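Asks: Just a sequence and a predicted model for now, questions to come.
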Amino acid sequence: MTTNGQAMNGDRIILQLQGVQKSFGRLDVLRGVDLDIPRGSVTCVIGPSGSGKSTLLRCINLLERPTGGRVLFEGQDITAIRKEDELNAVRRRMGMVFQQFNLFPHKSVLENVCLAQEKVLGRDRSEARPRAEALLARVGLANKLNEFPERLSGGQQQRVAIARALAMDPHLMLFDEVTSALDPELVKEVLDVMKELAAEGMTMVVVTHEMNFAREVADEVVFMDGGVVVEQGPPREVLDNPQNERTKRFLGLVLEH
Amino acid sequence: MEFIINYYFDFDIISDEFGFVVSGLWMTIKLWLVASLLSLIWGLVLAVLRQLPGKALAPIRGLTIAYIDGFRGLPALLVLLLVSGFLAAGQSDGVLPKWLGLPTWFGEPTWFWYGVIGLTLTYGAYLAEVYRAGIEAIPHGQMEAARSLGMSHGKAMRYIIVPQAVRKVIPPLLNDLIALMKDTSLVFAIGGSELLDAGFSIESDYFNGSGLMLGAIFYLVLTIPLARLVDVLLKREQRRTQRGGGDADAGEAEEPPNPNIGLAGA
């Protein structure tokens, strides 16, 4: 599908990682990751814990600064950005959903989805509110607008978090193990929202342990281990017919139930 | 026994001097309110300066830490004497203008403002540490979520971190304000005419402690309700956290997703 080293094309390839490295002290978490993300694609990143998946995601929106390599987003080398304002402008165009939801507990559901629209995008309440209501209705929470996050289940909180990220009209969505903290019966409602989002053409990078989701939704599956991409390709290749020994071992462990 | 009662509870003296002690009480309350308000603001400014991100701002962080460590480590009385002496000497040497060296802002006497400045410098440092504990107790994910939505560090602090942090530390803030209430009496040493001074001057005039005892009762009338309030707030917070945030009351019937509204499109 995608080939590394291909000429950068900001129109088709929305995100390109070039030899991205990240070290924490002497610990090398990412050891040179290359990846092309085409616009409108869904990329699922799988791998054992400690393989660097989450760090990779956090390097994409620069919550972590890569210690080597480049991240090109919509044609711009965002790892070269030094000014805080420019960094904020880039993050505005990427949504991120976290494992622990990270909703703002002192704000109602509606305010969670409106706040950044107003304070970052400068939208009026009259513009932000209908957008928030529409998104919350879309994720099935139209009746929870005035609830506070602590009154919601994990699955509901995570759907609010997705709506909150979407309210910024991001060009790319990053999902960091968003179902890992959920009780099993709540996983489906979150994955269903993500599936619909994918079907509507949102570009998504999804770090996940949900192999069935990856198989069903992903255009590309990336298997990471030891801070590098070990194997990547369409799900039917990587998940059903893995070539690399490490991929086979990992899938053998997670798929045998 | 009779001597004790006469010394502490001479009702003739108390009724003669009641108005005088109350005027001292009124000054104490004013001094406490103004110094509290300014300390709450100054402490928050210090706490936020201390959390500024990045290498470039390290000098500001360092200065803030030095300030907080310094003023927390000094007796409030010594700060009061240093400040009042400096301002008075600066005014008499012509280095400081009169409005600053011998302030009488809003018609309050100079000792009042010396007291406000000295106590704010000291209690700002105390309260900064309380705020800091609150800020550091906010999970890191809150800052990350705010930043991932494109908020600057400043906006994230203002809208997300500080409002949550302040809520968490209201009881310890109130505790420090109770201590500040008692420390307003330190202006006695720079000529303040407040509650302690009123009691003490009665003691000097009559060789009798009833005025001081009346002052003591007034201090308790002010501080004990505040202490009870702190207890109530702490209990409420405890109940709230014991109930647990997480998955309480969840999972009632929800409406199904509405397929007619697009997720991605605006």
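Replies: Nice, I can see it. Residues are numbered from 1 along each chain as shown, chains lettered A, B, ... in the order given.
Asks: What's opposite the closest residue to residue A:47 other than its chain neighbours in the beta bridge?
Replies: Leaving aside its chain neighbours, residue A:47 sits nearest to residue A:224 (3.8 Å; criterion: CB to CB, 6 or more residues apart in numbering or on different chains). Just so you know, the C-beta spots here come from the backbone N, C-alpha and C atoms, and that holds for glycine as well. On the basis of DSSP bridges, residue A:224 is bridged to residue A:229.
Asks: Just the pLDDT for residue A:224.
Replies: pLDDT, residue A:224: 97.
Asks: What about it, how many residues nearby?
Replies: A total of 26 residues lie near residue A:224 under the criterion other CB atoms under 10 Å in any protein chain shown.
Asks: so it makes contact with residue A:46?
Replies: Yes. Judged on CB atoms under 8 Å, residue A:224 makes contact with residue A:46 at a distance of 7.4 Å.
Asks: what do those two both touch?
Replies: Residues touching both residue A:224 and residue A:46 (CB atoms under 8 Å, 6 or more residues apart in numbering or on different chains): residue A:53.
Asks: The closest residue to chain B within the stretch 101-250 of chain A and residue A:190: what is the separation?
Replies: Relative to chain B, the nearest point of the stretch 101-250 of chain A is residue A:153 (3.1 Å; CB to the nearest CB). To residue A:190, residue A:153 is 11 Å away according to CB to CB, to the nearest Å.
Asks: the more surrounded of these two?
Replies: Between residue A:153 and residue A:190, counted using other CB under 10 Å, the more crowded position is residue A:190 (25 against 21).
Asks: Give me the pLDDT for the more buried one.
Replies: Confidence score, pLDDT, at residue A:190: 97.
Asks: next one: residue A:1
Replies: pLDDT recorded at residue A:1 is 44.
Asks: Surely residue A:213 touches residue A:190?
Replies: No. Taking contacts as CB under 8 Å, residue A:213 lies outside contact range of residue A:190: 9.8 Å.
Asks: Where is the longest helix in chain B?
Replies: helix B:11-50 (DSSP state H).
Asks: buried ones in the helix or strand just after that helix?
Replies: As assigned by DSSP states H and E, the chain's next helix or strand after helix B:11-50 is helix B:58-72. Neighbour-count burial for helix B:58-72, counted by 16 or more other CB atoms under 10 Å in any protein chain shown, picks out B:64, B:67-68, B:71.
Asks: Which two of these have the greatest separation?
Replies: B:64 and B:71 (11.1 Å; CB to CB).
Asks: Helix, strand, or coil at residue B:156?
Replies: Recorded secondary structure, residue B:156: helix (DSSP: H, G, I helix; E, B strand; the rest coil).
Asks: give the contact list for it.
Replies: Going by CB under 8 Å, 6+ apart, residue B:156 touches B:142-143, B:146-147.
Asks: same deal with residue B:103?
Replies: Here residue B:103 is in contact with B:87, B:110, B:113-114 (CB under 8 Å, 6+ apart).
Asks: now residue A:192: how far from residue A:162?
Replies: Relative to residue A:162, residue A:192 is positioned 11 Å away (CB to CB).
Asks: rewinding a little: so the residue of the stretch 101-250 of chain A closest to chain B touches residue A:186, yeah?
Replies: Yes. Using CB under 8 Å, residue A:153 is in contact with residue A:186, at 6.0 Å.
Asks: which of the residues in the helix or strand containing residue B:4 are buried?
Replies: Assigned by DSSP H and E, residue B:4 belongs to helix B:2-8. For helix B:2-8, burial by neighbour count (16+ other CB under 10 Å) applies to B:7-8.
Asks: So what touches it?
Replies: Helix B:2-8 is contacted from outside by B:208-210, B:213, using CB under 8 Å, 6+ apart.
Asks: Strands of chain A, residue ranges please.
Replies: Remark: strands assigned in chain A by DSSP state E are A:13-24, A:27-38, A:42-46, A:68-73, A:76-77, A:94-97, A:172-176, A:204-207, A:220-225, A:228-233.
Asks: could those go into TSV alongside distance to residue A:112?
Replies: TSV is the format used below for the strands of chain A (distance: least, CB to CB, whole Å):
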stretch	distance to residue A:112
strand A:13-24	26
strand A:27-38	27
strand A:42-46	25
strand A:68-73	25
strand A:76-77	29
strand A:94-97	13
strand A:172-176	17
strand A:204-207	21
strand A:220-225	31
strand A:228-233	34
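Asks: Ok, which of those strands comes nearest residue B:46?
Replies: Judging the strands of chain A by CB to CB, what sits closest to residue B:46 is strand A:13-24, at 30.3 Å.
Asks: For the closest one, which strands pair with it and how are they oriented?
Replies: Short version: by DSSP bridges, strand A:13-24 pairs with strand A:27-38 (antiparallel), strand A:68-73 (antiparallel).
Asks: Before I go, just wanted to say thanks for your time.
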